[in-house]
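Trainee: just need the structure, nothing else, for what follows:
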Amino acid sequence: MKKESFTSFMKQVAADLQQSGNLGTAHVYRSSLNAILTFQGSGCLSFPEITPEWLKHFEGSLRARGCSWNTVSTYLRTLRAVYNRAVDAGLIAGEYRLFSVVFTGVKSEQKRALKAEEMHCLLDAKELPGNIRQSRDLLSLMLHLQGMPFTDLIHLHRDDLRTDLSGHTLLTCRRQKTGSELQVSVTDEAMKLINLYRSTDPTSPYLLRFLDGKLGGEVVYREYCRQLRILNYGLLKLASYSGLKVLKVSSYTARHTWATLAKYCQIPEEMISEGLGHSSLEVTRTYLKSFEGGEMAKANQMIIDYIYSGKKTMWSRA
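Mentor: A predicted model of the protein is given here:
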């Protein structure tokens, strides 16, 4: 069998991800590969060179460069994923618990969730410039849609929006990150915002107007990144306009706030997981099948009401 270096194998994995349309993941893999090559200082890294000692030195070099622990973890988890692919492909035997010596977790280095009154302050801001008002509206829409991530929101298709037999408006889509199905009951306020930013191009597959339906591949991914930068810049300005003294408001704020307030209202963690579209806990996902759509809509409305009224209601299935 022809021996292959780790770096050449990783390049091929990134290329395969790019070819299959997983552009965001491919970007992370290429960034991780660049970090490895910068540390290595040579054209390649062989599989035998990946030892606990090498990993610790790589981790230390990333920290010395000023990378946050979460960035370090991203690079190391990506390296581990490629290493495991090589094991599965029979290129190497693999070493048990090789990556246990380095950090591959997540650190809460910055609070991303807001209190209910802080979120209300943002959403109630008046007399905003157009670009900041748009960011405020998108923050509100993501919150109303169970903390939907911006990447899922901006990639919604027209046919994801439908009306069920009971007359309720629903959004049913696949998560961009995990591919798991997410179903959200659309509130009246969310529907107003969807209509405000709905695509007017009859040839576009997208529900909202932010992506050009004629674009594809890496071009549409770059356009998504541009729209994300616009949103995050507007949210930073929104916090300033609102007089809110928070370190950072970003596209993650709606998602983390929705989840945090749901827990504060004592909504079961299984329902929070379902509302966020998580799919990593198979036991939890099996249990979640017992929750009906009406219960999830009730939980979502409870969080929205808490933000706007300041009155917390505790969850009850009765």
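Trainee: measure residue 272 to residue 153 for me?
Mentor: Distance, residue 272 to residue 153, by CB to CB, to the nearest Å: 19 Å. C-beta here means a position set from N, CA and C on the backbone, and glycine is covered the same way.
Trainee: ok, residue 140 touching residue 189?
Mentor: Yes: assessed by CB atoms under 8 Å, residue 140 is found in contact with residue 189 at 7.2 Å.
Trainee: the two: which has the busier surroundings?
Mentor: residue 140 (21 against 15; other CB atoms under 10 Å).
Trainee: show me the shaky parts of the stretch 151-300 of the chain.
Mentor: 246-247, 278-294 (pLDDT under 70).
Trainee: now the helices for the chain?
Mentor: Applying DSSP state H to the chain gives helices spanning 6-19, 23-40, 52-64, 69-88, 116-123, 130-144, 150-154, 188-196, 217-241, 253-264, 269-276, 282-288, 293-309.
Trainee: minimum distance to residue 176: which of the ones you listed has it?
Mentor: helix 150-154 (4.6 Å; CB to CB).
Trainee: give me the contacts around that closest one.
Mentor: 24, 138, 141-142, 145, 173, 175-177, 182, 206, 208, 210-211, 224, 227-228, 231, 251, 277 (CB atoms under 8 Å, 6 or more residues apart in numbering).
Trainee: for the record, mean pLDDT for stretch 137-147?
Mentor: The average pLDDT within stretch 137-147 is 94.
Trainee: just to check, residue 83 is in contact with residue 9?
Mentor: No: Residue 83 lies out of contact with residue 9 (CB under 8 Å); the separation is 9.2 Å.
Trainee: ramachandran angles for residue 66?
Mentor: With angles defined as degrees, to the nearest 10, residue 66 sits at phi 100, psi 10.
Trainee: which of the contacts of helix 150-154 are buried? Put it as a ChimeraX command.
Mentor: The ChimeraX selection below is limited to those of the contacts of helix 150-154 classed as buried (16 or more other CB atoms under 10 Å):
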select :138,141,142,145,173,175,176,182,206,208,210,211,224,227,228,231,251,277
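Trainee: neighbours around residue 311, how many?
Mentor: Residues contacting residue 311 under the criterion other CB under 10 Å number 8.
Trainee: now it: how far from residue 295?
Mentor: 20 Å.
Trainee: kindly report the same for residue 23.
Mentor: 35 Å.
Trainee: how about residue 147, what does it touch?
Mentor: 254, 255, 256, 257, 258, 259, 275, 276.
Trainee: then residue 169?
Mentor: 161, 162, 163, 185, 186, 191.
Trainee: cool, thanks, signing off.
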